[in-house]
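*Asks:* Okay, sequence plus prediction incoming.
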2 protein chains.
Amino acid sequence: MSGIRILLVDDHPVVRAGLRAMLGDFEGITVAAESGDGAAALAQLARFRALGEPVDVVLMDLQMGAGMDGVTATQKIKAGEAGTPAPPVLILTTYDSDADILAAVEAGASGYMLKDAPPEHIRQAVLSAAAGRTALAPEVAARLMGRIRNPEPALSAREIQLLQLLATGLTNRAIARQLFISEATVKTHLVHIYGKLGVDNRTAAISAATQRRIIRPV
Amino acid sequence: MSGIRILLVDDHPVVRAGLRAMLGDFEGITVAAESGDGAAALAQLARFRALGEPVDVVLMDLQMGAGMDGVTATQKIKAGEAGTPAPPVLILTTYDSDADILAAVEAGASGYMLKDAPPEHIRQAVLSAAAGRTALAPEVAARLMGRIRNPEPALSAREIQLLQLLATGLTNRAIARQLFISEATVKTHLVHIYGKLGVDNRTAAISAATQRRIIRPV
DNA sequence: CCGGAGATCAACCTTTCGGTTGATACTCGG
DNA sequence: CCGAGTATCAACCGAAAGGTTGATCTCCGG
């Protein structure tokens, strides 16, 4: 009778209000509750389960200020309670970086929409998720297809380690000392990194790696 | 009778819906219209002026996907039409980096709020702006105060602008072209920046500036 | 009205970085 | 067992960046 029951998870009150208003206009969709972070969302889900009124879809942002991030929350939701089926998680976020999308999909999200999507798309995505289907924003789907067709070379652990030091502003010599290798080796690694990231200097490498969430912003 | 009339400018339909719902709950505040980008906002303002029903406050995001960015839009709004007073512009955005704040203030914004602010704060800010006063989010105000109290070598607006470009991985030559200045000037600025940040190369400068929230992580 | 700070540019020099080539060694999977 | 990928190092060269000195112009505040 109440249609699809949704749990909203976003750290911005403004966004929550927007989704509530937007989804409330649609027939068959009800916003059951909302949370400001991942931990609160898990608590809400448990509460609804205990009441025998589980939510049908979790609509969640990936970037959440403090506390548990969206990927972790998604993992925990999908892990769920033994015996009770976990609700589908639909990611509604701002960025469409490869790392974000992959992390969300790996964590078990049923869909990935961007916040600038028109309301109708969001509605469709919610319906898909509730029906157990997958929903990807066209932009996101295109990126995934591109990745499969044209797989980006993966960075090795050592290269990532180097990148992380690079981002702190160390010179090649300093990195070499830090890692107990020669400066020549550092340079070789850097050339490989530049090639894989498609850049030609260290600052651009840091920028690219940060954008793709290969390294965490320093 | 209609109270304070607002023009919402944000590229995300979700955020616009949220602000509309949120502000609609408040007495004395009316959302007159909304736009998805700076150009549309200017057109809207002109239209309302022509109708003899100017808006009282423009509530705008700084980051807007395509087209004119928020700072440029703010400048153009404040430039306005000869003879007609420009409405106050209240910035409501996601980041609180020095670069964004300075740019907004220089462009003539009357306030700077963060999107994760509670509705009541946003309401207060709108009222302040409409009354011709300035409104800063507590976090933003604190940062500005800190800048003043802590005579940490203050970077000039130009230097911050340079840093922001630096962080995207541009070379000195590219930065020079971007800013329409010579490479020599870029180098001079960089030397000053390094001195103020206590570093001696560009990657370290980016790291230091990001940590101190002088620039926003790219 | 003068000093200081910021923005602009130039010339010069040193150091670092980027790019290439080539080599050795280890590991892992087919 | 052998090739692919990774990690290591060396030598070399040109390009970019770092550092210094010095100069002009503008704007702002005392």
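*Replies:* Arrived safely.

*Asks:* switch to C-alpha atoms for all contacts and neighbour counts from now on
*Replies:* Noted.

*Asks:* quick one: A:Asp10 and A:Ala33 touch, right?
*Replies:* No. Under the criterion of CA atoms under 8 Å, A:Asp10 is not in contact with A:Ala33, lying 11.5 Å apart.

*Asks:* Of those two, which one has the most company?
*Replies:* Of the pair A:Asp10 and A:Ala33, A:Asp10 is the one with more neighbours under other CA atoms under 10 Å in any protein chain shown, namely 27 against 17.

*Asks:* quick one: low-confidence ranges for chain A?
*Replies:* Where chain A drops to pLDDT under 70, the residues are A:1-2, A:67, A:82, A:97-99, A:143-153, A:218.

*Asks:* Mark out where each domain of it begins and ends.
*Replies:* For chain A, automatic domain parsing gives the domain ranges A:4-148, A:157-211.

*Asks:* Comparing those domains, which comes out most buried?
*Replies:* With neighbours defined by mean count of other CA atoms under 10 Å in any protein chain shown, none of those is more surrounded on average than domain A:4-148, at a mean of 19.

*Asks:* Tabulate the domains of chain A (TSV), appending distance to chain B.
*Replies:* Formatted as TSV, these follow (distance: least, CA to the nearest CA, whole Å):
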stretch	distance to chain B
domain A:4-148	3
domain A:157-211	4
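
*Asks:* Report the separation between the two terminal residues of stretch A:139-157.
*Replies:* Start and end residues of stretch A:139-157 are separated by 29 Å (CA to CA, to the nearest Å).

*Asks:* swap in stretch A:50-68?
*Replies:* 23 Å.

*Asks:* Would you mind measuring from A:Ala141 to DNA strand D?
*Replies:* Relative to DNA strand D, A:Ala141 is positioned 26 Å away (criterion: CA to the nearest atom of the strand, to the nearest Å).

*Asks:* again, but for A:Thr171
*Replies:* In this structure, A:Thr171 and DNA strand D are separated by 10 Å, where distance is defined by CA to the nearest atom of the strand.

*Asks:* sec struct for the residue nearest the centre of chain A, please.
*Replies:* The centroid of chain A falls nearest to A:Asp100 when counting by CA atoms, centre = their mean (3.7 Å). Taking DSSP: H, G, I helix; E, B strand; the rest coil as the rule, one finds A:Asp100 in the helix state.

*Asks:* mind giving me a markdown table with the domains of chain A and columns for distance to DNA strand C?
*Replies:* Converted to a markdown table, those look like this (distance: least, CA to the nearest atom of the strand, whole Å):
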| stretch | distance to DNA strand C |
| --- | --- |
| domain A:4-148 | 19 |
| domain A:157-211 | 3 |
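
*Asks:* Any chance of JSON lines for the ones you listed, columns distance to B:Thr203?
*Replies:* As requested, the domains of chain A are arranged in JSON lines below (distance: least, CA to CA, whole Å):
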{"stretch": "domain A:4-148", "distance to B:Thr203": "23"}
{"stretch": "domain A:157-211", "distance to B:Thr203": "4"}
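
*Asks:* Spell out which parts of chain A neighbour DNA strand D.
*Replies:* A:154-159, A:180-185, A:188-189 (CA under 7 Å from any atom of the strand).

*Asks:* As a markdown table, those with secondary structure would be great.
*Replies:* Putting these into a markdown table (three-state DSSP) gives the following:
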| residue | secondary structure |
| --- | --- |
| A:Ala154 | coil |
| A:Leu155 | coil |
| A:Ser156 | coil |
| A:Ala157 | helix |
| A:Arg158 | helix |
| A:Glu159 | helix |
| A:Phe180 | coil |
| A:Ile181 | coil |
| A:Ser182 | coil |
| A:Glu183 | helix |
| A:Ala184 | helix |
| A:Thr185 | helix |
| A:Thr188 | helix |
| A:His189 | helix |
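
*Asks:* Identify, from these, the entry nearest to B:Ile193.
*Replies:* Lowest distance from B:Ile193 to those (CA to CA) belongs to A:Glu183, with 27.1 Å.

*Asks:* was I right about that closest one contacting A:Thr171?
*Replies:* No. Under the criterion of CA under 8 Å, A:Glu183 lies out of contact with A:Thr171, with a separation of 9.5 Å.

*Asks:* give me phi/psi at the residue in chain A positioned nearest to DNA strand D?
*Replies:* Residue nearest to DNA strand D within chain A: A:Ile181 (3.1 Å; CA to the nearest atom of the strand). The phi and psi values for A:Ile181, taken as degrees, to the nearest 10, are phi -130, psi 170.

*Asks:* Phi, psi for A:Ser35 please.
*Replies:* In this entry, A:Ser35 is assigned phi and psi values of phi -140, psi 160 (degrees, to the nearest 10).

*Asks:* Can you tell me the closest non-neighbouring residue to it?
*Replies:* Once its chain neighbours are removed from consideration, A:Ser35 has its nearest residue in A:Val9; the separation is 4.8 Å (CA to CA, 6 or more residues apart in numbering or on different chains).

*Asks:* just A:Ala103 next, same as before
*Replies:* Skipping the residues right next to it in sequence, A:Ala103 comes nearest to A:Val71 by CA to CA, 6+ apart, at 6.6 Å.

*Asks:* for A:Ile29, same thing?
*Replies:* Excluding its sequence neighbours, the residue lying closest to A:Ile29 (CA to CA, 6+ apart) is A:Ile4, at 4.7 Å.

*Asks:* what residues are up against the one you found?
*Replies:* With contacts taken as CA atoms under 8 Å, 6 or more residues apart in numbering or on different chains, A:Ile4 has the following neighbours: A:28-30, A:55-57, A:127, A:130.

*Asks:* contact partners of stretch A:178-190?
*Replies:* Contacts made with stretch A:178-190 from outside it, assessed by CA under 8 Å, 6+ apart, are listed as A:159, A:162, A:172-173, A:175-176, A:202.

*Asks:* returning to that earlier point: so how far is B:Gly65 from the residue nearest to A:Ile29?
*Replies:* As it turns out, when the distance is counted by CA to CA, A:Ile4 lies 32 Å from B:Gly65.

*Asks:* repeat for A:Glu159
*Replies:* When CA to CA is applied, the distance between A:Glu159 and B:Gly65 equals 32 Å.

*Asks:* Tell me how far A:Asp69 lies from A:Ala40.
*Replies:* For A:Asp69, the distance to A:Ala40 equals 12 Å [CA to CA].

*Asks:* Just the helices from chain A, written as ranges.
*Replies:* A:13-24, A:38-50, A:70-79, A:98-107, A:119-130, A:138-149, A:157-167, A:172-179, A:183-197, A:202-211 (DSSP state H).

*Asks:* if I pick the residue nearest to the centre of chain A, what's in contact with it?
*Replies:* The neighbours of A:Asp100, taking CA under 8 Å, 6+ apart as the test, are A:62, A:212-213.

*Asks:* do A:Ala32 as well
*Replies:* Contact partners of A:Ala32, counting by CA under 8 Å, 6+ apart, are A:5-7, A:55.
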